Structures are given as structure tokens and as C-alpha cells.
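K.L.:
here are the coordinates; sequence isn't available:
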């Protein structure tokens, strides 16, 4: 979840149409609150090649999640992918 102020309609950079409101202060990317979790901005196939379609405008939680970090490795394990 991230601040509603990161959405484009509130002066931020994240495309508003790709977000859903959690409450009056926070929102999240569409698809991240469903099972299976799949962010609306993600394209490609997990385990092969994926990319963020809004990389330059991604929200703060995505900016804090770096490739190869402990959080990244845990996410890869949850999806049955080999750690890097």
C-alpha cells in the first residue's frame, strides 16, 4: 500500500487507473489484492521475462523493493523460482 498522494490525480506519478483505494489515505496497485496476486502494471510471464509497464512512475513500495534483496528472494521462493 502507498499514499494516495502518489497517484497522478493527486499530484503524484502513478497512473490513477491502475490503482484502487484502500481508504481515504492509501491505495494499492490493481490486482495486488486478488489471488493470484498480479499487479496490473506487470507484463510477461513469471519465471521467464517480466517487466513493469510503469517503471518510471512506480509507487514507493516498488521503489524500495530492489532486485536481489532479501524481500526479492523471499518473493521468488513463494513463486517457486530459483533464488538469484
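P.N.:
Structure received. Remember, it's a predicted structure, so these values are computed and weren't measured experimentally.
K.L.:
Which parts of this structure are helices?
P.N.:
Listed from the start of the chain, the chain has helices (DSSP state H) covering 60-64, 70-78.
K.L.:
Return the set of buried residues in the first one.
P.N.:
It refers to helix 60-64. Under the neighbour-count criterion of 16 or more other Cβ atoms under 10 Å, helix 60-64 has residue 62 buried. C-betas here are computed from N, CA, C, even on glycine.
K.L.:
Any idea how far that helix is from the middle of the chain?
P.N.:
8 Å (Cα atoms, centre = their mean, to the nearest Å).
K.L.:
before we move on, what about stretch 44-55?
P.N.:
11 Å.
K.L.:
what residues does it touch?
P.N.:
With Cβ atoms under 8 Å, 6 or more residues apart in numbering as the test, stretch 44-55 has contacts from 14, 15, 18, 39, 41, 42, 43, 58, 62, 79, 80, 81.
K.L.:
Next, the distance between the ends of that stretch.
P.N.:
Using Cα to Cα, to the nearest Å, one end of stretch 44-55 lies 14 Å from the other.
K.L.:
What residue, apart from its backbone neighbours, is nearest residue 40 spatially?
P.N.:
Spatially, and ignoring its direct neighbours in sequence, residue 40 is nearest to residue 30 (3.8 Å; Cβ to Cβ, 6 or more residues apart in numbering).
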